[in-house]
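Participant: Provided below for reference: sequence and predicted model.
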Amino acid sequence: MSEFDQLAENYDRTRGGESRGDEYAREILEFLPPGEAPILEIGVGTGVVALGLARRGRRVLGLDVSEPMLERAFSRLGTVLVRSDALGMSIASASVAHAVSVWVVHAVADPVRLFEEARRVLRPGGSYVVCSTQKPAPDDQVGLIIAEMTRRVDDKRGAERPRAVTVEQVIGWAAQAGFTGTVHRRERSWRSTPEVELEAIALRQWPALRQLDEQSIEEVTLPAIEALQALPPDDLERRGTVEMVVLRLS
């Protein structure tokens, strides 16, 4: 069982769905040459990013370990999906032109092994675009509240490797597998409400949160719940900086 199995039902509703996936797809394609295929999404989830790539004329292949996530991806992408652990991909060596991952590196047990597998399946000259970090803008009240809650979750569970991995960590792990990397930052904005984040907390839509007992969950989430409830309930603009690492074989 994947830690994401129980999140699949509500994942799109609480994580931005197809509109957010389309934004990431557009930004990812800035770093990939046109025409080359297939593009493998490692950790395809419900398929929203891969769908954005496909809608822009790219041939995609998606891989994920979670069957419930893949069931939702199938409704968007059809049969171009593989159920497999990213640390031992059921993908032939040197068979994909490029690879992408959005919010995946923090969730694997052995990041270096992930990058070793990515290197194995890429063709010579291929790139691997990794989106691992999004920092809230200084005036994004909702984002700052959630970021602080995430830090409390990691402290409470005694995480040796916090879920909020840095681009420096990504480049370091990838370098051990033979990649060199450059960091690119993109400002993005989207509409949301405090209610959406309150729903995500109530549904335990962060895998790390589900590692805690109920008393600990209450301790780490209560400050966030109270802060979100104190905000105006209206639709608001959220803003943040997405950090993308573009990796190439050295």
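Facilitator: Perfect, thanks for sending it.
Participant: how about the helices in this protein?
Facilitator: Listed in chain order, the helices of the chain (DSSP state H) span 8-15, 17-28, 48-55, 67-77, 111-121, 141-156, 167-176, 194-202, 214-230.
Participant: Tabulate those in a markdown table, adding columns for mean pLDDT.
Facilitator: Converted to a markdown table, the helices of the chain look like this (pLDDT from 0 to 100):
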| stretch | mean pLDDT |
| --- | --- |
| helix 8-15 | 76 |
| helix 17-28 | 90 |
| helix 48-55 | 97 |
| helix 67-77 | 95 |
| helix 111-121 | 98 |
| helix 141-156 | 93 |
| helix 167-176 | 96 |
| helix 194-202 | 92 |
| helix 214-230 | 96 |
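Participant: looking at those, which is closest to residue 85?
Facilitator: Among those, the nearest to residue 85 by CB to CB is helix 111-121 (9.1 Å). The C-beta positions use only the backbone N, C-alpha and C, and glycine is treated the same way.
Participant: Quick one: residues in contact with that closest one.
Facilitator: For helix 111-121, the surrounding residues in contact (CB atoms under 8 Å, 6 or more residues apart in numbering) are 40, 42, 86-89, 91-96, 99, 104-105, 108, 128, 165, 169-170, 173-174, 176-179, 247, 249.
Participant: What of stretch 92-102?
Facilitator: Stretch 92-102 has contacts (CB under 8 Å, 6+ apart) with 24, 28, 32, 36-43, 45, 49, 53, 61, 118, 120-124, 126-132.
Participant: could you redo the last one with a cut-off of 7 Å?
Facilitator: Stretch 92-102 is contacted from outside by 24, 28, 32, 36-43, 49, 61, 118, 120-123, 126-131, using CB atoms under 7 Å, 6 or more residues apart in numbering.
Participant: Endpoints of that stretch, how far apart?
Facilitator: Length of stretch 92-102, first residue to last, CA to CA, to the nearest Å: 22 Å.
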